[in-house]
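Participant: I would like the atomic coordinates for the input below:
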Amino acid sequence: MLAARALPLLLLALAVAACSRDKGNPAPPRIETPAVLPQQSSTIVVPVSASLAALEQQFNARTPTELWRIDKAEPRCVPGKRVKLFGRAVKVTPTLGCRIVGRVTRGRMRLGGSGDTLTIALPVKAEISARDVGGIIGRETATGAALVRATAKLSVDGRWAPVAKVDIAYDWTEPPGIDFLGARIRFADKADEKLKGVIAGLERDLPRELAKLRARDELAGIWRQAFTSIQLNRDRPPAWMRLTPRRLGFGGYRIAGGRIELQLAAEALTETFVGDRPADPTPTALPPPAGRIGPRGLRFFIPVLADYAQLEPVVQRALRKLAAKGITLTGVGPVDAEFGKVTIYATEHGHIAVGVQTRVKARNGLLPATKGEIWLSALPFNAANSKVVRARDVKIAGRSDSTAVNLLITLFDDTVVQANIRDALTHDFARDYNKVLIAARRAVAGHREGDFVLSADITDVRNGPIKVTGQGLFLPVQVTGTANIRFAPGR
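Facilitator: Here you go, the predicted model:
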């Protein structure tokens with residue numbers, strides 16, 4: 001009889017014991033969404049320049065010192081003179097012919113200019129003789145000097161070949177000529193015929209000499225090498241910036257400081273990837289020159305990560321410290337609580353899930369000791385441009401009908417317990433932020449791809465709102481600066 005009455009009590013005790021080992025409330029769904037950072041559009045300066053002195057040397061090397069020679073019979077070197085006598089014009093001196101022999105030589109050609117205008121100065125000297133003048137004079141020699149001046153507006157065509165619109169003028173500072181028998185024999189018009197050819201040659205040769213700077217070849221190499229990925233950070237988290245050039249804008253030539261420079265800017269898509277190096281974009285052919293591209297500047301994101309494993313021990317230590325001080329629950333009284341493993345991951349709607357393995361027992365002995373894993377959710381947030389991330393809206397993630405876990409739920413519904421969890425979830429990204437920023441500055445300070453170097457200077461850094469991702473809490477840091485790609489062949 002006693003055994004029969006004891007059986008229901010034994011079954012009740014087993015049921016209570018089973019309930020006391022309840023796993024707790026249901027865990028929220030885990031979200032594995034990776035960090036996706038916005039694409040940015042950057043404009044990178046592409047300086048391609050050459051020394052004016054080198055260009056000047058090329059011109060002087062390929063242009064002969066003697067520009068031309070003349071050896072020509074001239075039947076009217078000295079026109080005859082006529083006087084009016086008895087109403088008629090009477091010739092008193094004959095028209096004299098001669099032989100014109102001479103040459104024109106040049107001095108050193110000088111290049112200069114400013115802004116988008118190239119200037120060319122070419123000194124010219126003439127030495128011309130009138131020989132056998134009317135059979136009277138054997139030889140008379142005249143000298144003269146002229147200064148050929150050219151201004152060239154430089155551009156490029158659709159295939160990046162140099163184009164020059166040249167405006168050339170010259171004047172005789174000493175027109176060549178001789179005086180004979182009261183008449184002036186002038187040779188400037190004879191020299192002018194030859195100088196026209198020299199001037200036309202300058203207009204033809206200038207683009208040809210500019211093409212020898214191999215600007216197009218250099219541009220094609222820069223364009224091809226710019227399709228690349230640059231490692232911004234090695235770990236925590238590994239991050240890469242991928243460059244995909246889209247346009248190459250031409251802003252004209254600029255002459256200053258003894259150099260001639262193509263003002264170019266490449267518009268590129270800058271993307272940030274977290275994890276393994278992304279596949280490099282496929283290079284395209286050098287596109288035709290575009291017009292001026294918008295505001296110059298390099299823009300990209302740096303992800304700063306706090307993975308959940310960093311936060312878990314912080315929450316655990318905070319709860320254990322609270323338990324050591326003692327916890328009193330409304331309607332229950334003092335309890336003894338033990339906090340074990342803490343699990344944190346991303347869940348829905350930008351929240352994080354916090355699971356805590358817990359054992360709790362009321363000291364009054366009216367309720368059995370209960371253990372299980374309680375799940376809460378919290379919403380991480382940060383103020384504008386702040387590196388400190390806090391949590392709000394901390395609450396039980398889901399209710400359970402189990403009587404045994406009611407004590408656990410009462411424990412985690414307590415405002416003091418939730419305040420400690422909320423404070424423990426506060427994370428200051430400053431240290432990680434500085435570390436990642438230093439790494440990024442180094443990465444873009446002088447990144448070499450073959451014979452080309454990307455150099456960037458970071459001028460402004462701002463961080464955005466915190467992002468909850470499957471990989472951890474990400475603080476997206478937006479970086480702006482200036483950048484250029486230059487040709488720098490390796491030794």
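Participant: What strands flank whichever strand in the chain runs longest, and is each parallel or antiparallel?
Facilitator: The longest strand of the chain (DSSP state E) is strand 137-156. Strand pairing for strand 137-156, using DSSP bridges, gives strand 117-133 (antiparallel), strand 162-174 (antiparallel).
Participant: average pLDDT for it?
Facilitator: The pLDDT scores in strand 137-156 average 80.
Participant: what do you get for stretch 383-402?
Facilitator: Mean predicted lDDT for stretch 383-402 stands at 83.
Participant: ok now that stretch, how far from the chain's centre?
Facilitator: Taking the mean of its C-alpha atoms, stretch 383-402 sits 39 Å from the chain's own mean (C-alpha atoms, centre = their mean, to the nearest Å).
Participant: How about stretch 252-260?
Facilitator: Remark: stretch 252-260 is offset 22 Å from the chain centroid, using C-alpha atoms, centre = their mean.
Participant: list the buried ones in it?
Facilitator: 253, 254, 255, 260 (16 or more other C-beta atoms under 10 Å). No exception for glycine: its C-beta is placed from N, CA and C like everyone else's.
Participant: With stretch 54-66 instead?
Facilitator: Quick answer for stretch 54-66 (16+ other C-beta under 10 Å): 55, 56, 58, 59, 60, 63.
Participant: Turn the residues you listed into a markdown table, columns for secondary structure and distance to residue 363.
Facilitator: Shown next, in a markdown table, are these (DSSP: H, G, I helix; E, B strand; the rest coil; distance: C-beta to C-beta, whole Å):
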| residue | secondary structure | distance to residue 363 |
| --- | --- | --- |
| 55 | helix | 93 |
| 56 | helix | 97 |
| 58 | helix | 97 |
| 59 | helix | 100 |
| 60 | helix | 102 |
| 63 | coil | 106 |
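Participant: Which one of these is nearest to residue 429?
Facilitator: Nearest to residue 429 among the buried residues of stretch 54-66: residue 55, at 52.6 Å, using C-beta to C-beta.
Participant: and the closest one, what does it touch?
Facilitator: 111, 209, 210, 213, 260 (C-beta atoms under 8 Å, 6 or more residues apart in numbering).
Participant: Number of residues surrounding the closest residue to residue 78 other than its chain neighbours?
Facilitator: Of all residues not flanking residue 78 in the chain, residue 96 sits nearest, at 4.0 Å (C-beta to C-beta, 6 or more residues apart in numbering). Residue 96 has 23 neighbouring residues, counting by other C-beta atoms under 10 Å.
Participant: pLDDT score for residue 96?
Facilitator: 76.
Participant: ok, now residue 61?
Facilitator: 85.
Participant: Checking my notes, it in a strand, right?
Facilitator: No: assessed with DSSP: H, G, I helix; E, B strand; the rest coil, residue 61 is helix; it does not lie in a strand.
Participant: From residue 55, how far off is it?
Facilitator: In this view, residue 61 and residue 55 are 11 Å apart by C-beta to C-beta, to the nearest Å.
Participant: same check, this time on residue 158
Facilitator: Distance of residue 158 to residue 55, computed by C-beta to C-beta: 23 Å.
Participant: And for residue 257?
Facilitator: Counting by C-beta to C-beta, the gap from residue 257 to residue 55 is 14 Å.
Participant: Stretch 108-123: which residues count as buried?
Facilitator: Result for stretch 108-123 [16+ other C-beta under 10 Å]: buried residues 109, 111, 113, 118, 120, 122.
Participant: Just the CA trace of it, in CSV.
Facilitator: Output in CSV follows, covering the C-alpha atoms of stretch 108-123 (Å, rounded to 0.1, in the frame of the first residue of the first chain):
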residue,chain,number,x,y,z
ARG,A,108,69.0,77.3,-80.5
MET,A,109,65.3,76.7,-80.3
ARG,A,110,63.8,77.5,-76.9
LEU,A,111,60.6,76.1,-75.4
GLY,A,112,58.6,77.6,-72.6
GLY,A,113,55.0,78.6,-71.8
SER,A,114,52.5,78.6,-69.0
GLY,A,115,49.1,77.1,-68.4
ASP,A,116,47.9,75.3,-71.5
THR,A,117,50.0,77.3,-74.0
LEU,A,118,53.4,76.1,-75.2
THR,A,119,55.7,78.8,-76.6
ILE,A,120,58.5,78.2,-79.1
ALA,A,121,61.2,80.8,-79.9
LEU,A,122,63.5,80.3,-82.9
PRO,A,123,66.2,82.9,-83.7
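Participant: which residues touch that stretch?
Facilitator: Contacts of stretch 108-123 (C-beta under 8 Å, 6+ apart): 52-53, 55-56, 59-60, 63, 106-107, 145-154, 164, 198, 202, 206, 252-256, 260.
Participant: what packs against the helix or strand containing residue 232?
Facilitator: Using DSSP states H and E, residue 232 maps to strand 228-233. Helices and strands touching strand 228-233, by 3 or more C-beta pairs under 8 Å, 6 or more residues apart in numbering; DSSP states H and E, are strand 239-256, strand 298-306, helix 430-445.
Participant: Give the pairing partners of the second one; include direction for each.
Facilitator: Yep, that's strand 298-306 we're talking about. Going by DSSP bridges, the partners of strand 298-306 are strand 472-487 (antiparallel).
Participant: buried sites along the partner strand?
Facilitator: 472-479, 481, 483-487.
Participant: Poorly predicted segments of the chain, please.
Facilitator: 1-24, 79-94, 133-139, 176-191, 193-195, 198-199, 213, 398-405, 490-491 (pLDDT under 70).
Participant: and the buried residues of stretch 108-123 as a markdown table, adding distance to residue 44?
Facilitator: A markdown table is the format used below for those (distance: C-beta to C-beta, whole Å):
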| residue | distance to residue 44 |
| --- | --- |
| 109 | 36 |
| 111 | 29 |
| 113 | 26 |
| 118 | 26 |
| 120 | 33 |
| 122 | 38 |
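Participant: Tell me where this protein has helices.
Facilitator: 2-20, 52-62, 188-211, 215-225, 308-325, 406-413, 415-424, 430-445 (DSSP state H).
Participant: if you compare those, which one is most tucked away?
Facilitator: Comparing the helices of the chain by mean neighbour count (mean count of other C-beta atoms under 10 Å), helix 406-413 ranks first with a mean of 21.
Participant: name the helices or strands packed onto it?
Facilitator: Using 3+ C-beta pairs under 8 Å, 6+ apart, helix 406-413 sits against strand 327-329, strand 333-346, strand 352-362, strand 370-381, strand 388-396.
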